[in-house]
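1. the sequence isn't on hand, but the structure is:
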């Protein structure tokens, strides 16, 4: 769950997948460390205040590690199904696996959506098993729920991680979009009705109801001076926004269900042959048409990639004007799409956001046209 556009910073790469964090992640990290170290762990721990803060730091990072493993579950299953992963972002309340395309079938949707909760359930079971095995003098669950006992740092940490993964699991499987449970429900409804857009609309409305309930809980918490009331209200706001977007997506999807990429694309885009030099490309294409990028094709009009003006200018400035444009293509730019693909598949495409266009090809990779963001917007605009 996350906003689509935001600044983020790379933390690491796991299995070749970039792990990034938004600015809000730092806020939550420090808030968790402060709250856990100042209010939660001191009441249940044997030891000094320093011990409480050290456990708080480990608990806060353990929480985010749980989120990363949850999102890796989604990402690795998606990648196994042939869906590229642009990265994983952690943010205010959770994480988001950024897929390069939407699942094409209810089965793909179900498998990807269920993978995250499955990982969280395994983490919960692991933490509970470790907690039961650790010596404490009291039953594991009683140590965590009763205020009569203090416990060890190890048991307190494992108990917190068990608790937070239990909360994540229960909340995340609710059948409301954009939660994983909502995506699972969408897959089930999609399979039953054969209509993905209807499934999206129904789970989106369920998400709106859930968001209102979370918002009411946040307002009640404000009245009781709750520590998490503001965070709860932010969560409700985000859930409502995301669920409303799903409702709109379902409505638009039904309207454009029969429109293909080929129906709206430019069938005669200006292209640059692969063997043209960068200097000639600059003089005869970029300076003539004043476009920021062009499609590059081979003699048989197979789509090879996209060349940007900025890259051409930098290569010329570096003393390589005779370099062929095929040597200066944008790497890993996911803009290829089948000409017979439904227009709906373009809406969430990563390439549309990065380039402002998608390149339509046939089954052999031959260029058939270009569909731009402006053309998509015109197709989405209500008629009449």
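-> Thanks, I have it. Predicted, not measured: the structure shown is a model, and the values here were computed from it.

2. residue 205: helix or strand, and which one exactly?
-> Residue 205 is part of helix 196-223, with elements assigned from DSSP states H and E.

3. lowest confidence element among the helices and strands of this structure?
-> Among the helices and strands of the chain, helix 140-145 carries the lowest confidence by mean pLDDT, DSSP states H and E, at a mean of 54.

4. domains of this structure?
-> 8-173, 261-380 (automatic domain parsing).

5. got the contact list for the spatially closest residue to residue 173 that is not a sequence neighbour?
-> Sequence neighbours aside, residue 181 is the residue nearest to residue 173 in space, at 4.0 Å (criterion: Cβ to Cβ, 6 or more residues apart in numbering). C-beta: built from backbone N, CA, C; applies to glycine. Taking Cβ atoms under 8 Å, 6 or more residues apart in numbering as the criterion, residue 181 is in contact with 113, 117, 172, 173, 174, 175.

6. JSON lines for the domains of the chain, including mean neighbour count and distance to residue 229?
-> As requested, the domains of the chain are exported to JSON lines (neighbours: other Cβ atoms under 10 Å; distance: least, Cβ to Cβ, whole Å):
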{"stretch": "domain 8-173", "mean neighbour count": "18", "distance to residue 229": "13"}
{"stretch": "domain 261-380", "mean neighbour count": "17", "distance to residue 229": "33"}
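
7. mean pLDDT lowest for which of these?
-> Sorting the domains of the chain by mean pLDDT places domain 8-173 lowest, at a mean of 84.

8. relative to residue 254, which of the contacts of residue 181 is nearest.
-> residue 175 (20.9 Å; Cβ to Cβ).

9. roughly how far apart are the nearest residue to that closest one once chain neighbours are set aside and residue 206?
-> Nearest non-adjacent residue to residue 175, counting by Cβ to Cβ, 6+ apart: residue 185, 3.8 Å away. Using Cβ to Cβ, to the nearest Å, residue 185 is found at 7 Å from residue 206.

10. shared neighbours, those two?
-> Residues touching both residue 185 and residue 206 (Cβ under 8 Å, 6+ apart) are 175, 176.

11. re the thing from before, buried residues in the host helix or strand of the residue nearest to residue 173?
-> Element membership for residue 181 (DSSP H and E) is helix 180-193. For helix 180-193, burial by neighbour count (16 or more other Cβ atoms under 10 Å) applies to 180, 181, 182, 183, 184, 185, 186, 187, 188, 189, 190.

12. residues in contact with the helix or strand hosting residue 281?
-> Assessed by DSSP H and E, residue 281 sits inside helix 278-281. By Cβ under 8 Å, 6+ apart, the surrounding residues in contact with helix 278-281 are 272, 294, 307, 312, 315-316, 320-325, 328.
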